[in-house]
Structures are given as structure tokens and as C-alpha cells.
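Novice: pasted the sequence and its predicted model underneath.
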Amino acid sequence: DAEITQSPRHKITETGRQVTLACHQTWNHNNMFWYRQDLGHGLRLIHYSYGVQDTNKGEVSDGYSVSRSNTEDLPLTLESAASSQTSVYFCASSESRGTKETQYFGPGTRLLVL
Amino acid sequence: DQQVKQNSPSLSVQEGRISILNCDYTNSMFDYFLWYKKYPAEGPTFLISISSIKDKNEDGRFTVFLNKSAKHLSLHIVPSQPGDSAVYFCAASASRGYQKVTFGTGTKLQVIP
């Protein structure tokens, strides 16, 4: 079965360190997204990609970067981790088929920045 | 400024009864609305959606109602089952494509056996 996975599931890091969260999907979807979920904010879009070599900034992109070298993977990098980036991070993918587009989410990565 | 609001952080309902989850939005440009369900330690899963050209959409036990004049939508679950216990997120978009989706803060539903 096709799926979307994230690793690690839990991560503790220190302020100032570079951190990369992995996202891998086997749906063969062109569209991939990264969100963060914080209490009182719902899910907020960090970055998204419509295909290989395409990346776009979302609502809360400062301090984050992504790269898309193949269809399956969209790693999220925190260049210099800050305590404000402590959050739960969700990766998602989607494909448009006519008027129907369904988005599938990964299980999340819980990140703690000390 | 929260454009999509779920004012009830939690809701408890008896098994077999109706669960009604509410969502309000402020952006009149929103024309596509979605509900997601999220279990602990899992990602959200798509539940049901509605376009602004409709005022109701049904899928089994789940029905979403849209009142555009009031900028209000609601999710009805009938009958409620213990497995429905989860956090429900309302989301809205001004165009197709998930890059434009704004999520609410979620309502935690507990269905009591």
C-alpha cells in the first residue's frame, strides 16, 4: 500500500543546531507540503512543492528550507533551530485528478528545541 | 487574526447521539471547506468537504452544512460512535489547491460509550 512516512518521529535538539526532518511518500504524488501544528494555531503551512526542483514558501517559512530532488522526498531543514520551532511537524502529499484532490498526511514528527 | 475559528475546544457526546462540531470563518473569499479527523500520534485524515455552491454534503454518518451568509459550517455525525473520538479540524480555502488552505484550531470530540 502507498504511504507517507516521516522520520524521526521524535527529536530533541539544542538551539542553534541544524536539523533535518525527512518525509517520504510512495503515492507518486507531485504535490508535497510541510505544516507545523501548535496549540491555538491549528496547522500552518511552512513550505510546499509542486514537483521536482519546485519549492514555495508558505505562511510560516522563516527559519526553514526545503529541497525537492525527486518525487518521493521533501526534507525540511531548520537552519539554526530556535525554541520557537518546538512543534509537531506534519508532511503531506496530494495529487489533483480532475476536480478531486485529496491530501494525505504523515504521522508527524515531534520536535523539541532546548 | 484567526480566519477559521473553532470556538469549542472540546465536546462530549453519548454514543448513538448526534455530534455537532461548529466552525466559523471570516474571509468571504473562502469557497471550499474541509473537515479532517486526527487521532493522537497520527496525522490528520481527510473526512469530508463542501464547495460553496452547495449547502450540504453527506457521506455516510457524516454531513457537512454550509451557511454562507452566516459564514458558518458544521459537521454532524449521526450516530456517534466511540471510534469517532478524535480532534476534528475545520479548514477553508479561497481556491482549489492545498497551498491556500487555512486550518482552524480543532475541536476534541469524546464519544462516551
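Specialist: Here it is on my side, so go on.
Novice: for A:Gln53, give me its contacts.
Specialist: Neighbouring residues of A:Gln53 by C-beta atoms under 8 Å, 6 or more residues apart in numbering or on different chains: A:68-69. The C-beta positions use only the backbone N, C-alpha and C, and glycine is treated the same way.
Novice: report pLDDT for it.
Specialist: Predicted confidence (pLDDT) at A:Gln53: the value is 95.
Novice: next up, phi/psi of it, please.
Specialist: Phi and psi for A:Gln53, reported as degrees, to the nearest 10, are phi 70, psi 0.
Novice: gap between it and A:Thr71?
Specialist: The gap separating A:Gln53 from A:Thr71 is 11 Å, by C-beta to C-beta, to the nearest Å.
Novice: so where's the chain uncertain?
Specialist: Using chain A here. Applying pLDDT under 70 to chain A flags residues A:97-101.
Novice: that answer is for a different chain, and I need it for chain B
Specialist: In chain B (pLDDT under 70), the answer is B:96-99.
Novice: contacts for stretch B:48-60, please.
Specialist: By C-beta under 8 Å, 6+ apart, the residues outside stretch B:48-60 that reach it are B:30-35, B:47, B:62-68, B:73, B:75.
Novice: any idea which of those residues is closest to chain A?
Specialist: Among the contacts of stretch B:48-60, B:Leu34 lies closest to chain A (C-beta to the nearest C-beta), at 8.6 Å.
Novice: what pairs with the helix or strand encompassing the closest one, parallel or antiparallel?
Specialist: Assigned by DSSP states H and E, B:Leu34 belongs to strand B:32-38. Strand pairing for strand B:32-38, determined by DSSP bridges: strand B:45-51 (antiparallel), strand B:86-93 (antiparallel).
Novice: adding mean neighbour count as columns, could you present the ones you listed in CSV?
Specialist: Output for the strands paired with strand B:32-38, formatted as CSV (neighbours: other C-beta atoms under 10 Å in any protein chain shown):
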stretch, mean neighbour count
strand B:45-51, 17
strand B:86-93, 23
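Novice: as JSON lines, the ones you listed with distance to A:Val66 would be great.
Specialist: JSON lines is the format used below for these (distance: least, C-beta to C-beta, whole Å):
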{"stretch": "strand B:45-51", "distance to A:Val66": "23"}
{"stretch": "strand B:86-93", "distance to A:Val66": "21"}
